[in-house]
Each structure stands twice: as C-alpha cells, then as structure tokens.
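Visitor: Mind folding the following:
(one chain, ligands or ions: 1)
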Amino acid sequence: MVKSVDAQEDQALYRHPYPSPGLAAEYPFVTYDHRRIDDTTMRQRSEVFQASANRRRSVRMFSSHPVPLDLIESAVATASTAPSGAHKQPWTFVAVSDPALKSKIRKLAEGEEHENYRKNRMNAEWREALAPLGTDHHKEFLEIAPWLVVLFAQRYEVLDDGSTRKNYYVKESVGMAAGLFVAAIHEMGLATLPHTPSPMAFLRTVLNRPNQERPFVMFPVGHPLPGTRVPDLARKPLDEVLVVADRD
Ligand code: IYR
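Guide: Numbering: from 1, shown residues only. Alright, predicted model coming up:
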C-alpha cells in the first residue's frame, strides 16, 4: 500500500518512469497542469456534481424554444475532451436545426421504428424491458426539439494523401464522448435523450457523411417542455453497482 503523497518518495517507487528519457527525447511532453485539492473540498465538489447528475433525466417532450448554437458548440467541445484510444478522437458530431432536415430525419426514424415496434424486429424480452417506458414509433420530438445532434463514430481516419489509418477502441471512445455530452447538456440546464433508431444507417446518407463514419446515437437537445413527465424510475443503490473488491 502506498501511503505517502510525497512526490519525491513516490517518484522513487517507479522503476519505469513515464515518459522514459528516450520517449521524451522523441515526442513532446509537458507537465500535467493539475491542482491538488484537499479531501474536504473534494467531497464538497463531488457531492455537488453527484447531486446535479442525479437530477438528470432523459426527456421525451421538448420545448421548441430556440437554443443558441454556442451552447451546442460548448457541449460538443466538452464531449470532445473525452479520452480516446491512441488519442484519435474518433467522433463527429453533426448538429441540425434546419426544420426541413429535422422533418426528414423524423420521417426516416419513424419509418424504421414503425418496423421495430409493429413488425416484431423487437423480441418479447426487449418489449418487456421497454414496457414501463411506453415508447412507441412516434418521434415528434425529433422535429420539435430545436437541435438534433447526431454522433458518428469514425472507424478509421483518412489522411490528406487519401491513405487510411485505423482507429482504436472506437465504441469505448465514442461512448465516453457521448456520456460527457449528456453531462454537459444537463449541466448547462438543457435536456436530451439518447435516441438510437434502429437501424440508423439512414443518418449517414441523409447527413452526407463519409464511408468511415457510422451513426452511434442521436441526441435531440432543447429545454424540456415545462411540466413534462418522466417515468418514476429509481437508480440502483451504490451497493448494487459498486463492489469494493478488497473488503471481506
Ligand atoms: N430505439 C427505440 C426503442 C428503444 C430502445 C431502448 I433500449 C430504449 O431505452 C428506449 C427505446 C426507440 O427509440 O423507440
């Protein structure tokens, strides 16, 4: 067990410090700009963040009230700080506010969802899981919410000379960016819903995205419709989601 927080002593614990002198000679490194916070302050800050996160709900009724573009830009900038495999940042966020385009997306999404709900593309177990949410193929929010933000995963990158380079841990990376996007939208006082019409390949065509991009999730973003209702869900208690493996 490492008890010391003394920088010199801890440094000495590492027989293979990072970066190695060879690595630092070849690639640029900077000292991490980290501000140490005392335990009390850390607790206060984490409580504030947790309480805010716990108030977040996915909503399905959005107000049509406009949301300025700079707020969407800010949420995407935050999302784009997510860690990613080999720092490839393999994501593209496409923000749509044009009513005609939103209407087109709604029609195509509802078409796919209609097949899902009506024609047994969803099995009984899936239907059972969704029953308390009462979702169906009607997706009016796709037109009413002021923004649709579609997150695409880049399976590979295309360099200026046209050659391609593989991206790594794409789903993990894009999933983390999605989580940060949801948190950023909530923190600024807006609401969203991770919506995954299935299949959603139509989003690549309708939004003119290149072959390496695959739609990952679509986020309607806006103010919640005042008074909107959400399922009365409880979150799992900590002891159901956290196992401290070194306790007996
Ligand atoms: N994509 C469908 C179905 C759906 C699936 C899950 I998992 C949900 O949590 C909610 C809905 C739809 O959006 O209706």
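
Visitor: switch to C-alpha atoms for all contacts and neighbour counts from now on
Guide: Fine.

Visitor: If we go by neighbour counts, what in the one helix or strand residue 111 maps to is buried?
Guide: Using DSSP states H and E, residue 111 falls within helix 99-118. For helix 99-118, the neighbour count (16 or more other C-alpha atoms under 10 Å) marks 102, 105, 106, 107, 108, 109, 110, 112, 113, 114, 116 as buried.

Visitor: out of those, who's nearest the ligand?
Guide: Set against the ligand, the nearest of the buried residues of helix 99-118 by C-alpha to the nearest ligand atom is residue 113 (6.3 Å).

Visitor: where's the residue nearest in space to the middle of the chain relative to residue 115, distance?
Guide: Taking C-alpha atoms, centre = their mean, the centroid of the chain lies closest to residue 178, which sits 0.9 Å from it. Here the criterion is C-alpha to C-alpha, to the nearest Å. By it, residue 178 lies 26 Å from residue 115.

Visitor: what do you get for residue 108?
Guide: Residue 108 is 11 Å from residue 115, by C-alpha to C-alpha.

Visitor: ok, now residue 97?
Guide: For residue 97 relative to residue 115 (C-alpha to C-alpha), the value is 26 Å.

Visitor: Name the residues that touch the longest strand seen in the chain?
Guide: Secondary structure of the chain per DSSP state E: the longest strand is strand 213-222. Residues outside strand 213-222 that contact it (C-alpha atoms under 8 Å, 6 or more residues apart in numbering) are 62-67, 92, 141-142, 145-155, 174, 185, 190-196, 200-201, 203-204.

Visitor: near the ligand, which residues of the protein show up?
Guide: Contact residues (C-alpha under 6 Å from any ligand atom) of the chain with the ligand: 135, 136, 137, 195, 196, 197, 198.

Visitor: Let's see if you can find the most crowded of those residues.
Guide: residue 197 (24 neighbours; other C-alpha atoms under 10 Å).

Visitor: Tell me the confidence at the nearest residue to that residue once chain neighbours are set aside?
Guide: Nearest residue to residue 197, sequence neighbours excluded (C-alpha to C-alpha, 6 or more residues apart in numbering): residue 109, at 5.7 Å. In this model, residue 109 is scored at 97, pLDDT.

Visitor: Just list the residues touching residue 109, thanks.
Guide: Per C-alpha under 8 Å, 6+ apart, neighbours of residue 109: 139, 197, 198, 200.

Visitor: where's the second one, which helix or strand?
Guide: Counting by DSSP H and E, there is no helix or strand that carries residue 197.

Visitor: right, and it touches residue 111 too?
Guide: No - contact status for residue 197 versus residue 111: not in contact, 9.4 Å apart, counting by C-alpha atoms under 8 Å.

Visitor: Output the longest strand of the chain as PDB, restricted to C-alpha atoms.
Guide: Output of strand 213-222 as PDB, limited to C-alpha atoms (Å, rounded to 0.1, in the frame of the first residue of the first chain):
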ATOM      1  CA  GLU A 213     -18.500   7.300 -40.200                       C
ATOM      2  CA  ARG A 214     -21.200   5.200 -38.600                       C
ATOM      3  CA  PRO A 215     -24.100   6.700 -36.700                       C
ATOM      4  CA  PHE A 216     -23.700   5.900 -33.000                       C
ATOM      5  CA  VAL A 217     -26.500   7.800 -31.200                       C
ATOM      6  CA  MET A 218     -28.700  10.800 -31.900                       C
ATOM      7  CA  PHE A 219     -29.400  13.500 -29.300                       C
ATOM      8  CA  PRO A 220     -32.500  15.800 -29.500                       C
ATOM      9  CA  VAL A 221     -31.500  18.800 -27.400                       C
ATOM     10  CA  GLY A 222     -33.600  21.600 -26.000                       C
END
